[in-house]
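> just the structure for this:
(chains A, B, C and D)
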4 protein chains.
Amino acid sequence: MAAASTPEREAFYKKIDGENMTALWTVMSDLITPEPKSACRPHLWQFAAIRDYMVEAGRLITAKEAERRVLILENPGLRGQSKITTSLYAGIQMVIPGDVAPAHRHSQSALRFVLEGKGAFTTVDGERTLMQPGDFIITPSMTWHDHGNETSEPMFWLDGLDIPLVQFLDASFAEGSQEDQQKVARPPGDSFARYGHNLLPVDAKRSSRTSPIFNYPYAYTREALENARRSAQWDACHGLKLKFSNPETGDFAMPTIGTFIQLLPKGFEAARYRSTDATVFTVVEGKGRSRIGDTTFEWGPRDLFVVPSWQWVSHEADEDAVLFSFSDRPVQEKLDLFREDRGNA
Amino acid sequence: MAAASTPEREAFYKKIDGENMTALWTVMSDLITPEPKSACRPHLWQFAAIRDYMVEAGRLITAKEAERRVLILENPGLRGQSKITTSLYAGIQMVIPGDVAPAHRHSQSALRFVLEGKGAFTTVDGERTLMQPGDFIITPSMTWHDHGNETSEPMFWLDGLDIPLVQFLDASFAEGSQEDQQKVARPPGDSFARYGHNLLPVDAKRSSRTSPIFNYPYAYTREALENARRSAQWDACHGLKLKFSNPETGDFAMPTIGTFIQLLPKGFEAARYRSTDATVFTVVEGKGRSRIGDTTFEWGPRDLFVVPSWQWVSHEADEDAVLFSFSDRPVQEKLDLFREDRGNA
Amino acid sequence: MAAASTPEREAFYKKIDGENMTALWTVMSDLITPEPKSACRPHLWQFAAIRDYMVEAGRLITAKEAERRVLILENPGLRGQSKITTSLYAGIQMVIPGDVAPAHRHSQSALRFVLEGKGAFTTVDGERTLMQPGDFIITPSMTWHDHGNETSEPMFWLDGLDIPLVQFLDASFAEGSQEDQQKVARPPGDSFARYGHNLLPVDAKRSSRTSPIFNYPYAYTREALENARRSAQWDACHGLKLKFSNPETGDFAMPTIGTFIQLLPKGFEAARYRSTDATVFTVVEGKGRSRIGDTTFEWGPRDLFVVPSWQWVSHEADEDAVLFSFSDRPVQEKLDLFREDRGNA
Amino acid sequence: MAAASTPEREAFYKKIDGENMTALWTVMSDLITPEPKSACRPHLWQFAAIRDYMVEAGRLITAKEAERRVLILENPGLRGQSKITTSLYAGIQMVIPGDVAPAHRHSQSALRFVLEGKGAFTTVDGERTLMQPGDFIITPSMTWHDHGNETSEPMFWLDGLDIPLVQFLDASFAEGSQEDQQKVARPPGDSFARYGHNLLPVDAKRSSRTSPIFNYPYAYTREALENARRSAQWDACHGLKLKFSNPETGDFAMPTIGTFIQLLPKGFEAARYRSTDATVFTVVEGKGRSRIGDTTFEWGPRDLFVVPSWQWVSHEADEDAVLFSFSDRPVQEKLDLFREDRGNA
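The predicted model follows:
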């Protein structure tokens, strides 16, 4: 397919190289591929192992010195780039009793999904919340946030950020606060009280595309799944899958990262599925396995795994399982690039 | 301002009248007024009186014969037109034990706000719900709905419809069912389970501008108000006012009717307010009074009152009060016609 | 269908009448009809006759005294209401050499479609334009406008306004200017130069739902039709039908009134069509006839006719014909009330 | 700022490296920067030099063998990546008389801006157009396109694509056709006739976020600038700057690439400006210079230059100048990441 090499051509390539030019026909097949050809690879991290390393990290560095005590999950195909997929970052954060992660803000949007612990706090934009396992928390772009732990147990959560995307777009802004912690300016639960009940302030003006709810409590999420299972409209590929939504728009909760919760009932054997949004999963409840491309990964609570773009995936649940996941699907949808394939079904 | 009358002019007016024409300058000042000049008048209906009439109506006609056993609240300035404001209809419906209101559907959108009773049912689009006081229920345009009462108490609710608007636009379609009641096709609570928790089905396609939630339970509504009061961001005119929203869009719950809930704390004395959307109020909890134009109306639970377009209104609460209200504000906003005025503030 | 009358019931109706209440079951069949039942009737006005009356009016009253020298086209089924359909107003305006129609503004949106004349001017929001036959001109809600005629010929145009709609919604605001004419603040063609070429100012903020283009010149409109006819994607009901659009949104050019241009090629015999938006037509070029309900109306240049909601209409053209039309379709679409039916096709 | 290195820490880093993990605190300052820190560098390519190389390329390879005979402009800070900015690709394409660039389609969106020549053709989605200098042409995602030259002169144009973005999102799909050229299915000018005149087909359904106009002719663009200059609302940074828009939405003409045209009048000295969207410029008319960061670049017709994210730029025009430019601004706006800074103004 590629144009044949000749001495004249090679000489030409060399000449234009000095002019900051390259001949398209020598690279076109790498730039525009018939299907996505990603360096991203399927992988699973067991939480038990991560947890041990985190505890060790807890002895090596304080939250304050680290600013954020996080171990990045690096995709084996994308080492050295702090990426779990080509466009997204994931890490595991630990906050131990007494920790203070000082206030900062940045243009990167962050999600937090709580894996273990009980009642450590986070403050976002002047509102504090106590976090519980399964809670999905948002720190919107350029919003001050800090957190700490006044309980007697460590807390662990999954951080998902659009760091590679913001880097790619050359749009990173950040600043730290003089104060370790923001002043608490609003009562706990304020954003949920105002926006979480299918009611909106009558004169609210939207200022951002990010959901005004900053904590989606697992109690509600789980109830939604449990109630919905009664209607038994199961999807062959996904079981019962919902997306977290922004009540002001009905769009995804964050403009750059789509977040999902899904229920796979005991014994469910999903049909295979593939899509262009490489997806990071963590297991909230249950045990099972996922076949990704040619490899099968066994998973249990709090394990994490990644499905690359356009690789076939199918899930099986040995017991009722709940999976949280996130991807860049909102970006792809907004740009008319999202594509999915539900196998031969 | 109007053009003077002369014999030639009068003769001309007569002549063109036969050609289905009229001279604009003879009517212009009535057509385009400096401010809204509505025939709609302020009025309050006491629920106790309505209730007595309804009980009497219950002896005079069955729900089945009446199709819907409803007393229309007619604005004193718009008698004979079945209107509570120029664009909206309101009525009080009673369903007594054993009643069956047969299934029908129509292009008019309907809201129901429950005033008294416990557990009568309604079925909308194959999903049944049990209704409680304070619940806000939607029957969207062209959706089958029927209701009945298998309890031992009568139920009363407020019906709000866009009948005058649909009539004005010549867009009425309706049909009755062969069956008195629809088949129940989905479990109770299904729509709320799928759409009420800030989560949306991952592959949902919107087919209408009406909220997919059909019952907004008062328990949640009240909790939203109670939590929000802690943040004490009181509006001088409205107290704490929220609009019911469509989780798929963040817009009003219905395309033609805006619905609102507001909390006036004990002792609250509102600043005056006016807007172009004539508004129907009903009292959910508490006692107080509203000054509308030059008249003051005292109100208590379940009373109903109407504020015409562009008339000044101000509320006072003797005890914590909750008001439900509805208007054509979504229509006016979509058409760039909504205007409000917050007094001298 | 209606509930039978009994003495007890009649007594009851009388009693509640005194309380500003009515029994729904006595009026329901008039309120919610199986299909639209409009008082609006099909009708055609011949321009030649209107023109004579207008000339007579020109002798009877000045533009300044009349404020606007207009003869309203009143639907024969809606006499005395200044309506051509239930929701819209239409009139014919004449501006003779030397006339000055003083500056005013109002919440009603107005369209103007030029029927005869050459180069009278209108000024909208500080920008003046010279008008030619076939030009479609907008005066948006609350925008100052005035016009005059510095040529030697009279100009005639069709005025279409949402007067009944704004009246129905009780949202009329208006004011006159101290000055007869606004100061011209922008060069002629400014809005078209900025917005009419599929280019938009890079930092434009939208402030209204009305198109920023205020004159859609017929030269462009006709060219669009003529070019499009080559692709021969004819619609069986409409010939080739386009809607004037707002370049900032792709929506209709005005939020309350939809405006359309359509080409019926010589010999075209349209399939029948009905829709819920009663529509006012005027003939720009050509001759033909339209069957509306059971009546056939013959038409030629500048004639005007109205098709009520949900009445079947079919057009025939004896020679290439161009029709301009307007209706409340944007309102109906925004409110999920629009419905159309393309016959048995 | 970074955490101090200790032997224990280094040992820990090594250990977790084997588990596909990295400590965030060792890399955080590179990931989340206070301001954009791009490898992208300012640069200017003179068209005269490119043209000579292209002519040489025309002797070395046929359009058919190359599939597309294009020299990629590679940013000096991003060599080997086929990028002109971090997210965008640019190249210069030459089509000589007799050339055939065979039909293909891909998920990457492409723009073409014609630099030199007269009347070579391109066919997009079954519609052929003849291209002239200054024309802006779109080949939307997954749309078949081919081109050729039946004139006696070579044609040169600028290609802009979102190749790096689609690569980053792992969403590349492409296919070639069996046939060299598509069948022409629609008359020339069809898309412009239907969509380019502020009119839209009455029943059009949008199927993509890309403009349905595929050729924005320079004649119209230039006229828009020339007319608009009379209103003299000059922007201190941009002169008179317009964006090409999608008439169906008012949004940018393409979902992933924003395209702009701007007029700098003779003698204009712009105020400095910076924004997060690195931008590629080409000169359509006129001469002048742009200061980017600390470097000044002199430019004349058809020269090309790139301004990186968040670098100050200011332009000066020695004679009336017209600049075409493109960037990823639509992406940044949709994701709430766009930021601009107009200096001290």
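> C-alpha from now on. contacts and neighbour counts both.
Fine.
> all helices of the stretch 101-250 of chain A, in order?
For the stretch 101-250 of chain A, the helices defined by DSSP state H, counting those that start in this stretch cover A:163-168, A:190-195, A:218-229.
> of all those, which lies closest to chain D?
For the helices of the stretch 101-250 of chain A, distance to chain D was read as CA to the nearest CA. The smallest value, 6.1 Å, belongs to helix A:163-168.
> the closest one vs chain D: in contact?
Yes - counting by CA under 8 Å from any CA of the partner chain, contacts between helix A:163-168 and chain D involve A:Ile163, A:Pro164, A:Val166, A:Gln167, A:Phe168.
> if we can go back for a sec, nearest to B:Gly286, of the helices of the stretch 101-250 of chain A?
With CA to CA as the criterion, B:Gly286 lies closest to helix A:190-195 of the helices of the stretch 101-250 of chain A, at 21.6 Å.
> which regions of the stretch 51-200 of chain A sit below the pLDDT cut-off?
Screening the stretch 51-200 of chain A residue by residue with the criterion pLDDT under 70, one finds no matching range.
> get me the contact residues on it for chain D.
The stretch 51-200 of chain A has residues A:53, A:57, A:60, A:65-76, A:79, A:82, A:86-87, A:91, A:106-108, A:163-164, A:166-175 near chain D, with proximity defined as CA under 8 Å from any CA.
> turn the residues of helix A:163-168 next to chain D into a markdown table, including neighbour count.
Converted to a markdown table, these look like this (neighbours: other CA atoms under 10 Å in any protein chain shown):
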| residue | neighbour count |
| --- | --- |
| A:Ile163 | 23 |
| A:Pro164 | 22 |
| A:Val166 | 24 |
| A:Gln167 | 20 |
| A:Phe168 | 18 |
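> from those, pick the one nearest A:Tyr218.
Distance to A:Tyr218 across the residues of helix A:163-168 next to chain D (CA to CA) is lowest for A:Ile163, with 25.6 Å.
> out of the helices of the stretch 101-250 of chain A, flag the one nearest D:Ser208.
With CA to CA as the measure, helix A:163-168 is the member of the helices of the stretch 101-250 of chain A nearest D:Ser208 (23.4 Å).
> chain center to that closest one, what's the gap?
Helix A:163-168 has its C-alpha centroid displaced from the chain centroid by 13 Å (CA atoms, centre = their mean, to the nearest Å).
> check which helices and strands it sits against.
Judged by 3 or more CA pairs under 8 Å, 6 or more residues apart in numbering or on different chains; DSSP states H and E, the packing partners of helix A:163-168 are helix D:28-31.
> and the helix it packs on, what does it pack against?
Of the remaining helices and strands, those touching helix D:28-31 by 3+ CA pairs under 8 Å, 6+ apart are helix A:163-168.
> residues of chain A that sit close to chain B?
A:186-187, A:189-190, A:193-194, A:196-202, A:216, A:220-221, A:223-225, A:227-228, A:230-231, A:241-251, A:260.
> any of those residues buried? List them.
Burial by neighbour count, 16 or more other CA atoms under 10 Å in any protein chain shown: within the residues of chain A next to chain B this picks out A:186-187, A:189-190, A:193-194, A:196-202, A:216, A:220-221, A:224-225, A:227-228, A:231, A:241-251, A:260.
> ok, A:Ile257 - contacts?
Shown here is A:Ile257, whose contacts under the criterion CA atoms under 8 Å, 6 or more residues apart in numbering or on different chains are A:Leu161, A:Asp162, A:Phe326, A:Ser327, A:Asp328, A:Arg329, A:Pro330, A:Val331.
> recalculate using a threshold of 7 Å.
Residues counted as contacts of A:Ile257 (CA atoms under 7 Å, 6 or more residues apart in numbering or on different chains) are A:Phe326, A:Ser327, A:Asp328, A:Arg329, A:Pro330.
> with A:Phe47 instead?
Residues touching A:Phe47, when contacts are defined by CA under 7 Å, 6+ apart, comprise A:Arg302, A:Asp303.
> can you tell me how far it sits from C:Arg112?
Applying CA to CA, to the nearest Å, the value for A:Phe47 to C:Arg112 is 70 Å.
> repeat for A:Glu116
Between A:Glu116 and C:Arg112 the computed distance is 67 Å (CA to CA).
> same question for A:Val27.
Look at A:Val27 and C:Arg112: by CA to CA, they are 58 Å apart.
> longest helix in chain A, please.
Taking DSSP state H as the criterion, chain A has its longest helix at helix A:47-60.
> quick one: distance of that helix to the chain centre.
Taking the mean of its C-alpha atoms, helix A:47-60 sits 21 Å from the chain's own mean (CA atoms, centre = their mean).
> the helix or strand that comes right after that helix packs against which elements?
Counting by DSSP states H and E, the next helix or strand C-terminal to helix A:47-60 is helix A:63-66. With contacts taken as 3 or more CA pairs under 7 Å, 6 or more residues apart in numbering or on different chains; DSSP states H and E, helix A:63-66 sits against strand A:100-106.
> change it to 10 Å
Packed against helix A:63-66, as judged by 3 or more CA pairs under 10 Å, 6 or more residues apart in numbering or on different chains; DSSP states H and E, are the following elements: strand A:89-95, strand A:100-106.
> got the contact list for that helix?
Residues outside helix A:63-66 that contact it (CA atoms under 10 Å, 6 or more residues apart in numbering or on different chains): A:57, A:60, A:69-70, A:93-96, A:98-102, A:147-148, A:180, D:1-4, D:23-26, D:28.
> quick one: strands adjacent to the helix or strand just after that helix?
Using DSSP H and E, the helix or strand that directly follows helix A:63-66 along the chain is strand A:70-73. The strands that strand A:70-73 pairs with in its sheet are strand A:89-95 (antiparallel), strand D:21-23 (antiparallel) (by DSSP bridges).
> including distance to D:Thr123, could the ones you listed go into TSV?
Below are the strands paired with strand A:70-73 laid out as TSV (distance: least, CA to CA, whole Å):
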stretch	distance to D:Thr123
strand A:89-95	41
strand D:21-23	50
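> which of these sits closest to A:Glu35?
It is, among the strands paired with strand A:70-73 and with distance given as CA to CA, strand A:89-95, at 23.3 Å.
> got the angle for the closest one vs strand A:100-106?
Calculated by axes from the mean of the first three to the mean of the last three CA atoms, to 10 degrees, strand A:89-95 forms an angle of 150 degrees with strand A:100-106.
> and strand A:89-95, how far out from the chain middle?
Taking CA atoms, centre = their mean, the mean C-alpha location of strand A:89-95 is offset from the chain mean by 11 Å.
> surely A:Trp144 and A:Ala101 touch.
No - with contact taken as CA atoms under 10 Å, A:Trp144 and A:Ala101 are classed as non-touching, separated by 11.8 Å.
> fine by me, we can end here.
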